[in-house]
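# Generate coordinates for the sequence data below:
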Amino acid sequence: MTEPITPLAALKEWQEFAHAHPHITALDAFIIDVNGNTLGKRLAVGDAHKAFTDGVQFSSCALIADARGLGHNVQGMGASDGDPDGTAKPIAGTLHVVPWARASTAQVLCSMRHTETGASLWFDPREVLREVVARCHKAGVFPVVACELEFFLIDPRREPDGGIKLATMPGRGSAPRRAANLSMDAIEESSVFLNSVADAAAQQGVPVCGAVAEYGIGQFEVNLGHVADAGLAADHAVLLKRIVKGVAQSMGMLASFMAKPFTKQAGSGLHVHVSIADASGANRFGLEGGEALLQQAIAGMQAMMFDSLGFCAPNFNSYRRYLGPFVPTTRDWGHNNRAVAFRVPAAHGSGRRIENRVAGADASPHLVVAAILAAALHGLTQQLSPTAPAVGRVQSGRDAAFPNGLLAALERLEHSSLLATYIPTNFLQLFAELKRKEYAAVIEELFIREFDFYL
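Down below sits the predicted model:
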């Protein structure tokens, strides 16, 4: 996970970039919050160099805002302490053009730092993941990670009741009306959008390696390449979201990573593929003895699945996704089986890996990957054994221990002694408090359906 560099080197990077892109008029400098959202400032090009020498000052509590970007004075940070600024420092190698922007714009990913000491902040989700990865490396475990994200393309114009409908793709006469799972026709009909996403990703160093039409009507999935830096893999997932949303907006559409935007359609997931490399970079799961290691990692994921569900399903809407098909509500695993939480794809040798299918697309990639790697490390170091692999459709229904909604999941996450072995208790408490307050803000207004039941 690349981090801030010295002001001199950072300034040189900006100067070389500005010289190569003389038409740039603005710079977007942003951080990644606990929701996986990008928050920051747009700077005029004449002031952009200051970001690379002094950093960009804005509220450090942006890291712990709710899904809307609003603060809740979590752990007394925000209103109670005067909402102090942090210093967002550009991260080396993340300066790129923004090809979908109306004006000629650049962007740079930043790490929020303490304004006086320059230290990283303990509530930064990138820092949480970094610490878990460090634990893995200390134990001789070198994760290789890739993410997949599902999303819907939505008409930005809301219905009279506030509802949403599918977008009409540019060049098409109407929105899609039927499912087109794996349809090449649907991919071709959407090629202008998908090609623009792929082009933008290439320009920004985000390794997009494929796209498919998904199970839901108007739903797509974009795949990312595997990288040996788990923090970078999570960064890629967030940057891909920004690309997809930006390209969609430039075409008059809205891209939604909401876990369940349509009641009768499939939900959108964040699937994380994990393998473990040795010191030379070879995939240990594909070597002699690799199956035992793979199963130990799965057993760790089974042990921590319900404790970490609050990270994987962090919002009120998230739990609607678990009512749909191919969404795991048990700790089952299996070979080449999409009905389970932990799928071992039909790949061999260097491609041997685990696909963790638990999280929704609305989750923070950094926190989800941190929880998954913590679980894998736990299984490997404790040499755990998983249950027998499931074959075919999982028939048992929802596991009795599956947390019943957001509040139950947050309660379990906050008090998990097992999860706290790898992720600090104060962060678990902070996250649970934030999401409870966000939940309270969601339900403080009446839902239209309440009148149908209770008027």
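# What residues does residue 113 make contact with?
4, 55, 86, 87, 88, 89, 119, 120, 121 (CB atoms under 8 Å, 6 or more residues apart in numbering). All C-beta spots, glycine's among them, are computed from the backbone N, C-alpha and C.
# what's the distance between the closest residue to residue 399 other than its chain neighbours and residue 128?
Closest residue to residue 399 apart from its sequence neighbours, by CB to CB, 6 or more residues apart in numbering: residue 330 at 4.4 Å. The gap separating residue 330 from residue 128 is 27 Å, by CB to CB, to the nearest Å.
# Packing partners of the helix or strand encompassing residue 49?
Remark: residue 49 resides in helix 48-53, with elements defined by DSSP states H and E. In terms of contacts (3 or more CB pairs under 8 Å, 6 or more residues apart in numbering; DSSP states H and E), helix 48-53 is packed against helix 7-20, strand 26-32, strand 85-90, strand 105-113.
# For that helix, list every residue counted as buried.
Buried residues in helix 48-53, counted by 16 or more other CB atoms under 10 Å: 48, 49, 50, 51, 52.
# Is it correct that the last one is in contact with residue 14?
To tie it back to what came earlier, the one meant is residue 52. Yes: using CB atoms under 8 Å, residue 52 makes contact with residue 14 at a distance of 4.4 Å.
# Overlap of the contact sets of the two?
Common neighbours of residue 52 and residue 14 (CB under 8 Å, 6+ apart) are residue 90.
# which of the contacts of residue 113 count as buried?
4, 55, 86, 87, 88, 89, 120, 121.
# Can you check the pLDDT for the closest residue to the second one other than its chain neighbours?
If I follow you right, that is residue 55. Closest residue to residue 55 apart from its sequence neighbours, by CB to CB, 6+ apart: residue 87 at 3.8 Å. Looking at residue 87, its pLDDT stands at 97.
# bridging residues for residue 87?
In this entry, residue 87 is beta-bridged to residue 57, residue 113, by DSSP bridges.
# didn't it look like it was pressed against residue 116?
No: using CB under 8 Å as the test, residue 87 is too far from residue 116 to be in contact (9.1 Å).
# What ranges does this protein have for its helices?
Counting by DSSP state H, the chain has helices at residues 7-20, 48-53, 125-138, 184-189, 191-203, 230-250, 290-304, 309-312, 365-382, 406-414, 425-443, 448-454.
# Contacts only, for the residue nearest to residue 55.
Contacts of residue 87 (CB under 8 Å, 6+ apart): 54, 55, 56, 57, 112, 113, 114, 115, 118.
# any chance of the helices and strands packed on helix 48-53 in JSON lines, plus distance to residue 190?
What follows is those, written out as JSON lines (distance: least, CB to CB, whole Å):
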{"stretch": "helix 7-20", "distance to residue 190": "32"}
{"stretch": "strand 26-32", "distance to residue 190": "26"}
{"stretch": "strand 85-90", "distance to residue 190": "34"}
{"stretch": "strand 105-113", "distance to residue 190": "25"}
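# Check the spacing between the residue nearest the centre of the chain and residue 87 real quick.
By CA atoms, centre = their mean, the chain has its centre lying nearest to residue 365, at 2.6 Å. Residue 365 sits at a distance of 24 Å from residue 87 (criterion: CB to CB).
# give me the number of residues near residue 334?
Using other CB atoms under 10 Å, residue 334 has 20 other residues around it.
# next one: residue 195
Residue 195 has 12 nearby residues by other CB under 10 Å.
# Check the gap between it and residue 244 for me.
Taken as CB to CB, the span from residue 195 to residue 244 is 13 Å.
# Show me where this protein dips below the pLDDT cut-off.
1-5, 173, 182, 395-396 (pLDDT under 70).
# Look up the closest residue to residue 164, ignoring the ones flanking it.
residue 154 (5.2 Å).
# beta partners for that neighbour?
Beta-bridge pairing for residue 154 (DSSP bridges): residue 166, residue 254.
# For residue 257, see how far away it is.
Taken as CB to CB, the span from residue 154 to residue 257 is 11 Å.
# now swap in residue 281 and tell me
On the measure of CB to CB, residue 281 and residue 257 end up 32 Å apart.
# Those two - which one has more neighbours?
Shown here are residue 281 and residue 257; by other CB under 10 Å, residue 257 has more neighbours (21 against 10).
# The more buried one and residue 362 touch, don't they?
Yes: between residue 257 and residue 362 there is a contact at 5.9 Å, judged by CB under 8 Å.
# pretty sure residue 340 is touching residue 327, no?
No: with contact defined as CB under 8 Å, residue 340 and residue 327 do not form a contacting pair (10.7 Å).
# Can you pull the residues that touch both of those two?
The contact sets of residue 340 and residue 327 overlap at residue 357 (CB under 8 Å, 6+ apart).
# For residue 433, list the residues it contacts.
Per CB under 8 Å, 6+ apart, neighbours of residue 433: 72, 74, 75.
# Please apply the same query to residue 129.
Going by CB under 8 Å, 6+ apart, residue 129 touches 1, 230, 231, 234, 366, 367, 369, 370, 373.
# Quick check: the two most widely separated of the residues you listed?
1 and 367 (14.3 Å; CB to CB).
# Spell out which residues make up each domain of the protein.
Split into domains by automatic domain parsing, the chain comes to 7-121, 130-454.
# Counting neighbours, what do you get for the nearest residue to residue 321 once chain neighbours are set aside?
Distances taken as CB to CB, 6+ apart place residue 267 nearest to residue 321, at 3.2 Å, with adjacent residues excluded. Residues near residue 267, counting by other CB under 10 Å, number 28.
# next one: residue 13
18.
# so it makes contact with residue 91?
No: if you go by CB under 8 Å, residue 13 and residue 91 don't touch, sitting 10.4 Å apart.
# Quick check: neighbours shared by the two?
With CB under 8 Å, 6+ apart as the test, residue 13 and residue 91 reach no residue in common.
# quick one, what contacts residue 326?
Shown in contact with residue 326 (CB under 8 Å, 6+ apart): 215, 266, 338, 339, 357.
# Just the buried subset of these, please.
215, 266, 339, 357.
# Could you export those to CSV, including columns for distance to residue 425?
Shown next, in CSV, are the buried ones among the contacts of residue 326 (distance: CB to CB, whole Å):
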residue, distance to residue 425
215, 38
266, 36
339, 34
357, 28
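# Centre of the chain to stretch 157-174, how far?
Distance of stretch 157-174 from the chain centroid (CA atoms, centre = their mean, to the nearest Å) equals 26 Å.
# buried residues in that stretch?
Residues of stretch 157-174 classed as buried by neighbour count (16+ other CB under 10 Å): 164, 166, 167, 168, 169.
# Any figure for the gap between the fourth one and residue 218?
Distance of residue 168 to residue 218, computed by CB to CB: 10 Å.
# Which neighbours do these two have in common?
residue 175.
# isn't residue 253 right next to residue 166, touching?
No: assessed by CB under 8 Å, residue 253 is found out of contact with residue 166, at 9.3 Å.
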